[in-house]
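>>> Sequence first, predicted model second:
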Amino acid sequence: MATTISKAAKIRNRIQEVIESKAKPPFVYRPTHAWFEKIGVGKQKFGRMLRNEEQPDLVQLELIARELGCSIDDLIVKPKRSSDSQPELFQ
């Protein structure tokens, strides 16, 4: 069971990654009660989503993406790194 927990702890949360990437001036991530109402998720549930304890549905992802100023794909699909690219022969 301990190995399962350690593997789960290594999983990065895309919502958290988007928040961290945008948490540079002028963007400041300080959600208010009104912000949580806009996305239709309570503060505790959102915390569980950030900790990967609970998965958001597509409607919630769409509302979160809109509020964070990104696309829903940014919250679902991990962007490719330059090291992940294939050699020119295979492109």
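Arrived safely, thanks for sending. Numbers count the residues shown, from 1 in each chain.
>>> Let me see the contact set for the closest residue in space to residue 16 that isn't next to it in sequence.
Distances taken as Cβ to Cβ, 6 or more residues apart in numbering place residue 50 nearest to residue 16, at 5.2 Å, with adjacent residues excluded. Every residue, glycine included, has its C-beta placed from N, CA and C. By Cβ atoms under 8 Å, 6 or more residues apart in numbering, residue 50 lies in contact with 13, 15-16.
>>> Please report how far residue 56 lies from residue 49.
5 Å (Cβ to Cβ, to the nearest Å).
>>> Look at residue 91 and report its pLDDT.
Residue 91 is assigned a predicted lDDT (pLDDT) of 44.
>>> How about residue 32?
The model reports residue 32 with a pLDDT of 90.
>>> Measure how buried it is and give me the count.
Look at residue 32: counted by other Cβ atoms under 10 Å, it has 9 neighbours.
>>> Repeat that for residue 18.
Quick note: residue 18 (other Cβ under 10 Å) scores 19 neighbours.
>>> If I follow the layout properly, it ends up in contact with residue 70?
Yes: Residue 18 sits in contact with residue 70 when judged by Cβ atoms under 8 Å, with a separation of 5.5 Å.
>>> before we move on, back to that, narrow the contacts of residue 50 to those that are buried.
Neighbour-count burial (16 or more other Cβ atoms under 10 Å) applied to the contacts of residue 50 gives residue 15.
>>> tell me which of the contacts of residue 50 is nearest to residue 65?
Distance to residue 65 across the contacts of residue 50 (Cβ to Cβ) is lowest for residue 15, with 9.1 Å.
>>> All set now, cheers.
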